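[1] coords please:
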Amino acid sequence: MEYLVTMTTHVPDGTPDTDIQDIRAREAARSRELADQGHLLRLWRPPLQPGEWRSLGLFAAAGPDQLEQVLGSMPLRVWRTDAPTPLAPHPHDPAGEPALAGRIVPQRGGTEFLTTFVKSVPAGTPAEEVDVAEAREADRARELAGEGHLERLWRLPGEGQALGLWRAGDADAMQAMLESLPLHDWMTVQTTPLTPHPSDPRTSGP
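    Residues are numbered from 1 along each chain as shown. Below is the predicted model:
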């Protein structure tokens with residue numbers, strides 16, 4: 001099972017810089033171990049306020065108990081608060097469609113974005129219209145995945161809620177892709193730009 005974890009660190013006042021650097025080095029080493037074990041899949045930094053220390057992590061674990069063991073093993077946990085959100089498989093997730101594998105065009109550069117979707121179909125909309133719109137949405141999602149823009153898609157807890165991981169040249173390009181979705185007019189979307197984290201398993205390397 002996959003989880004999106006918001007990790008917020010508060011360093012106690014007066015902590016020596018040498019202690020901070022030591023624990024950060026141990027955190028980076030532990031992150032590499034967890035990536036090798038298949039538990040830490042991705043790591044990003046969201047937009048931050050001055051002095052704020054927060055990261056977003058994509059983790060894999062058998063369940064909440066194992067996830068807690070994984071998070072508790074990270075050195076920064078002594079100063080950190082973790083807020084996990086369970087992610088369920090989505091039928092349009094590119095990672096779950098083997099037929100897409102040979103057609104996905106890797107995107108270089110640009111920015112990754114997380115999007116939270118909340119779908120609300122207007123009352124009285126005919127079921128046939130909903131079915132047609134959802135079928136067109138699935139087709140468009142496959143197109144965007146094939147172009148390398150839609151990287152992952154999950155279901156979130158709650159009716160009609162989903163989480164997407166995207167890559168786009170900039171915020172305007174990301175917005176244009178969202179507006180191209182057939183269900184766009186029925187969705188509320190929150191978009192979070194992501195910046196690389198030095199311990200991200202995809203980019204840190206050995």
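[2] which other helices and strands does the worst-scoring helix or strand of the chain on mean pLDDT contact?
    None of the helices or strands of the chain scores lower by mean pLDDT, DSSP states H and E than helix 201-204, at a mean of 80. Applying 3 or more Cβ pairs under 8 Å, 6 or more residues apart in numbering; DSSP states H and E, one finds that helix 201-204 contacts helix 17-36, strand 40-45. Where you see a C-beta, it was placed from the backbone N, CA and C, and this is true even at glycine.
[3] burial-wise, tell me which of these comes out on top.
    strand 40-45 (a mean of 21; mean count of other Cβ atoms under 10 Å).
[4] that one: how far from the chain's middle?
    8 Å (Cα atoms, centre = their mean, to the nearest Å).
[5] on that earlier part again, what does the least confident helix or strand of the chain contact?
    Helix 201-204 has contacts (Cβ atoms under 8 Å, 6 or more residues apart in numbering) with 31, 32, 35, 40, 41, 42, 43, 196, 198.
[6] on that earlier part again, which one, of the helices and strands packed on helix 201-204, ends up nearest to residue 74?
    Comparing the helices and strands packed on helix 201-204 against residue 74 with Cβ to Cβ, the closest turns out to be helix 17-36 (5.3 Å).
[7] which other residues reach the closest one?
    Contact with helix 17-36 is made by 11, 40-41, 43, 59, 70, 73-76, 78-79, 198-199, 201, 204, as judged by Cβ under 8 Å, 6+ apart.
[8] alright, that wraps it up for me.
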